[in-house]
Structure formats: structure tokens, C-alpha cells
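*Asks:* What would the 3D arrangement of this be:
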Amino acid sequence: RMRGLPYSCTPHDVVQFFAPEFELGIDQISLPAGADGRPSGQGTVTFADRDEAARAIASKNRQYLGSRYVELSEEGGYGGFGG
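*Replies:* So this is what the prediction gives:
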């Protein structure tokens with residue numbers, strides 16, 4: 001799970017945030033809107049497995065995407081990180 005994303009964030013921005021260490025596709029990223037239809041500042045990324053998710057959290061947690069730092073945490077399910 002990703003929290004603190006800029007409201008203007010796109011799936012492509014998330015791919016770039018994790019690159020080049022992690023190769024992700026747009027289809028691995030979900031940026032749901034809030035109940036009002038506007039961006040929520042949260043999202044999920046599905047990694048290949050828990051080990052890759054743990055490495056991503058260890059290396060990218062609280063790193064900046066634009067002017068905001070992003071908090072990463074593991075979410076249950078296959079894929080470990082938003083799976």
C-alpha cells in the first residue's frame with residue numbers, strides 16, 4: 001500500500017518512482033479515487049512476490065515522489081504489496 005501520493009500522481013509516475021531497481025508495468029498499479037471521485041493520495045502496487053515487495057518497502061519507504069514523501073506498507077494477499 002502506498003500513502004501520501006501527490007494528487008496529480010499517475011501510474012506512470014509510480015513506475016518511475018520504483019525504477020530502475022524494480023521493473024513494473026502500469027497494470028501492476030492501482031490508484032483508486034475517493035468517494036468524491038477525486039484522487040485519494042493512496043494506491044497499491046502488486047509485486048511478483050513478498051520478497052520483492054519487502055525489498056521495495058525497504059528501499060523506497062518515505063522517499064519523495066514530487067514534493068511528497070510516500071509511505072509504503074505491506075498489504076495482505078498474494079504479491080505481498082497490494083496483491
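
*Asks:* all helices of this protein, in order?
*Replies:* Assigned helices in the chain, in chain order: 11-18, 50-60 (criterion: DSSP state H).

*Asks:* what angle separates the longest one from helix 11-18?
*Replies:* Spelled out, it's helix 50-60. 80 degrees (axes from the mean of the first three to the mean of the last three Cα atoms, to 10 degrees).

*Asks:* Now do helix 50-60: which elements does it pack against?
*Replies:* Secondary-structure packing of helix 50-60 (3 or more Cβ pairs under 8 Å, 6 or more residues apart in numbering; DSSP states H and E): helix 11-18, strand 68-72. Bear in mind the C-beta positions are built from the backbone N, C-alpha and C, glycine included.

*Asks:* okay, these in CSV with mean pLDDT and mean neighbour count next?
*Replies:* Shown next, in CSV, are the helices and strands packed on helix 50-60 (pLDDT from 0 to 100; neighbours: other Cβ atoms under 10 Å):
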stretch, mean pLDDT, mean neighbour count
helix 11-18, 97, 17
strand 68-72, 96, 17
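
*Asks:* still on that earlier bit, as a markdown table, the helices of the chain with distance to P39 would be great.
*Replies:* Listed next are those as a markdown table, based on distance: least, Cβ to Cβ, whole Å:
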| stretch | distance to P39 |
| --- | --- |
| helix 11-18 | 11 |
| helix 50-60 | 20 |
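
*Asks:* What distance do you get for A53 to T46?
*Replies:* 9 Å (Cβ to Cβ, to the nearest Å).

*Asks:* returning to what we had before: looking at the helices and strands packed on helix 50-60, which is closest to G4?
*Replies:* Nearest to G4 among the helices and strands packed on helix 50-60 is strand 68-72 (4.9 Å), distances taken as Cβ to Cβ.

*Asks:* That closest one pairs with which strands, parallel or anti?
*Replies:* The strands beside strand 68-72 in its sheet (DSSP bridges) come out as strand 2-3 (antiparallel), strand 63-65 (antiparallel).

*Asks:* Count the neighbours of the nearest residue to F17 once chain neighbours are set aside for me.
*Replies:* Of all residues not flanking F17 in the chain, L65 sits nearest, at 4.9 Å (Cβ to Cβ, 6 or more residues apart in numbering). Neighbours of L65 under the rule other Cβ atoms under 10 Å: 18.
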